[in-house]
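In: here's my sequence, what's the structure:
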Amino acid sequence: GFSCILDNKQHINHCTTMGNHEKNKSKNSLDIMLTAENLDDRIKEFWPKNGPPNQEINKYIKKYSKEKIVIKCGGRVLLDPILFDNFIKDVVTLKKLGLTPLLIHGGGLGIKKKLDESNIKSNFIMGLRVTDEKMIKVVEDVMVEFNKEIVKALEKESCKAKSITVRENNVIYVRQKSKELGFVGSPNRIDDKLIKNFIDKDFIPVIAPVGVDEKKQTYNINADTAAGALAISLKSRRLLLMTDVEGVCDENNKLISEINSVEAEKLIYNQTIHGGMIPKIRTCINAVNNDVRGVVIIDGRKPHSILF
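Out: Purely as a prediction, here's the structure:
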């Protein structure tokens, strides 16, 4: 299960994680590094057997071969070894088929665990963690740890990956979101050049959702918000937000498969959308309003959810 957020002008015939059928398909045929025969062989070799037919996959890979795909992973995927291992293999599959995935990871559950151990209580405002001086140190440590783990796991699968945190290769610059949230940042600049440089050298960028302000102070950033800012700044065609729930539900708890930004704002206003889903939806609305063509919220607990 997943939800697509569409802007008011967008129409989608049907929706899969690999791609939305946009009405106005790009006319320029993409020059593919992989030859057609080569691509077919690779699909047979790497793509899960229970997925869509090869022909369909082939079409999507050609369509997205020059595009950046921003994937936000978080929740149980980072803590459950089986889910984590499957997720890493799926990212490697995308890379081996000639696509350009970028990963941005959360760490909320890991942060909660660390704070609980230290008896530090968390408060949330509109789904965002109020972060004080003690907490920001914990957040930074947890994020760096998760980041290294993801990079190591990708390298183990013979995939080059580059660690991007506030301690090395920082790319996110922020301003304070609000006084009451403390050290919670709102991205106001992304260093695209550094990210593109890593992509050109065939690395998968693995980005922690922390950034610095002009005084070099570290700020916690909601991972969905950070993923949206990256997708917009890099002019990414796809933004996939992994979560621990099926997607966005209506007042009757029924999964909504497509929603536009006006409907989404109404659901936030009447509190049908609440807690951690608010920053996700706000990210989606902001992304589609800033030319990210396909934004999907996916259930990271389901096998191969980033593939199909």
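In: which parts of the host helix or strand of residue 59 are buried?
Out: Counting by DSSP states H and E, the element that carries residue 59 is helix 54-64. By 16 or more other Cβ atoms under 10 Å, the buried positions in helix 54-64 come out as 57-58, 60-64. Any C-beta I mention is one placed from the backbone N, CA and C, and that applies to glycine too.
In: looking at those residues, which is nearest residue 190?
Out: residue 64 (20.9 Å; Cβ to Cβ).
In: and the closest one, how far is that from residue 204?
Out: As judged by Cβ to Cβ, to the nearest Å, residue 64 and residue 204 stand 15 Å apart.
In: got it, and residue 255?
Out: Distance from residue 255 to residue 204, by Cβ to Cβ: 30 Å.
In: neighbour count winner among the two?
Out: Using other Cβ atoms under 10 Å as the criterion, residue 255 and residue 204 rank with residue 204 on top: 23 against 14.
In: and the gap between the closest residue to that one other than its chain neighbours and residue 67?
Out: Counting by Cβ to Cβ, 6 or more residues apart in numbering, residue 204 lies nearest to residue 161, which is 4.6 Å off, once chain neighbours are set aside. Distance, residue 161 to residue 67, by Cβ to Cβ: 19 Å.
In: the more surrounded of the two?
Out: Taking other Cβ under 10 Å, residue 161 and residue 67 do not tie; residue 161 has more neighbours (24 against 18).
In: spit out the contact partners of the more buried one.
Out: 150-151, 154-155, 203-206 (Cβ atoms under 8 Å, 6 or more residues apart in numbering).
In: could you identify the most distant pair in those residues?
Out: 155 and 205, at 13.6 Å, using Cβ to Cβ across the contacts of residue 161.
In: quick one on the thing from earlier: now the contacts of residue 161: which count as buried?
Out: With burial judged by 16+ other Cβ under 10 Å, the buried subset of these is 150-151, 154, 203-206.
In: wait, a strand at residue 285?
Out: No: Residue 285 is assigned helix when assessed by DSSP: H, G, I helix; E, B strand; the rest coil, not a strand.
In: number of nearby residues for it?
Out: Using other Cβ under 10 Å, residue 285 is surrounded by 21 other residues.
In: go on, residue 167?
Out: Per other Cβ under 10 Å, the neighbour tally for residue 167 reads 14.
In: SS state for it?
Out: Residue 167 - assigned by three-state DSSP - is coil.
In: got the contact list for the closest residue to residue 91 other than its chain neighbours?
Out: Excluding the flanking residues, the one nearest residue 91 by Cβ to Cβ, 6+ apart is residue 101, at 5.4 Å. Residue 101 makes contacts with 69, 71, 91, 94-95, 204, as judged by Cβ under 8 Å, 6+ apart.
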